[in-house]
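1. Sequence isn't available, so here's the structure alone:
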């Protein structure tokens, strides 16, 4: 559902989401569980904001 919604938005918003995903992947590849956890929490919070409130803070 959220992927479909993301594709309806601007290229800059899609870029923002992809950057959040990249931070998660990098942290996992580096074996940094604390950074991965933080990046995932940030991404989920930002996704919630984008979905229910509009633009991320």
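-> Ah, there it is. Since this is a predicted model, take the numbers as computed values, not measurements.
2. quick one, strands of this structure?
-> With DSSP state E applied, the chain shows no strands anywhere along its length.
3. In this structure, where is pLDDT below threshold?
-> 1-9, 54-57 (pLDDT under 70).
4. Going by residue numbers, what spans are helices in it?
-> 2-7, 11-29, 33-52 (DSSP state H).
5. Reformat the ones you listed as CSV; add mean neighbour count.
-> All C-beta spots, glycine's among them, are computed from the backbone N, C-alpha and C. Below are these laid out as CSV (neighbours: other CB atoms under 10 Å):
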stretch, mean neighbour count
helix 2-7, 10
helix 11-29, 13
helix 33-52, 14
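6. Please pick out the residue of the protein most distant from its centre.
-> residue 31 (19.1 Å; CA atoms, centre = their mean).
7. State the phi and psi torsions of it.
-> Here is the backbone geometry of residue 31 (degrees, to the nearest 10): phi 70, psi 20.
8. From residue 13, how far out is it?
-> Using CB to CB, to the nearest Å, one gets 30 Å for the distance from residue 31 to residue 13.
9. before we move on, what about residue 39?
-> Taken as CB to CB, the span from residue 39 to residue 13 is 18 Å.
10. next one: residue 43
-> 14 Å.
11. got it, and residue 28?
-> From residue 28 across to residue 13, the span is 24 Å (CB to CB).
12. so residue 42 touches residue 20, yeah?
-> Yes - if you go by CB atoms under 8 Å, residue 42 and residue 20 touch, sitting 6.8 Å apart.
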